[in-house]
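S.K.: This is the structure alone, sequence omitted:
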């Protein structure tokens with residue numbers, strides 16, 4: 001099982017980025033994908049979560065209304081569209097997979113992160 005996050009970069013406040021999470025190795029498919037982030041000196045936090053079966057989405061309060069998670073089943077890819085980026089969105093972003101829909105529990109598989117830097 002592999003998850004590969006990409007699309008990070010540097011952007012000014014108010015800008016946008018789209019992260020991608022390419023997923024491979026699941027025989028029957030992951031049931032949910034989540035995006036997480038970890039800023040320097042802070043704990044990792046959940047950002048967004050999407051069910052692979054019905055597309056149900058969840059967002060943290062800090063990104064609600066600015067970030068959008070989506071999935072492309074044909075490409076086995078989950079996206080995180082990030083708009084109106086703020087300085088406090090700076091972090092390493094990770095995608096992770098759950099074999100079963102369980103947004104409150106630990107994720108089963110993790111990918112390497114991609115750096116997002118918001119600075120003026």
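M.R.: Sure, I can see it. The model shown is predicted, which means the values in this text are computed figures rather than measured ones.

S.K.: so the closest residue to residue 70 other than its chain neighbours is in which element?
M.R.: Leaving aside its sequence neighbours, residue 70 sits nearest to residue 79 (Cβ to Cβ, 6 or more residues apart in numbering; 5.0 Å). For the C-beta atoms, the positions are set from N, CA and C on the backbone; glycine is no exception. Element membership of residue 79 [criterion: DSSP states H and E] is strand 77-82.

S.K.: which helices and strands sit right next to that strand?
M.R.: Judged by 3 or more Cβ pairs under 8 Å, 6 or more residues apart in numbering; DSSP states H and E, strand 77-82 is in contact with strand 17-24, strand 32-38, strand 45-51, strand 67-72, strand 91-98.

S.K.: re the thing from before, so the residue nearest to residue 70 sits right up against residue 50, yeah?
M.R.: No - with contact defined as Cβ atoms under 8 Å, residue 79 does not count as touching residue 50 (9.5 Å).
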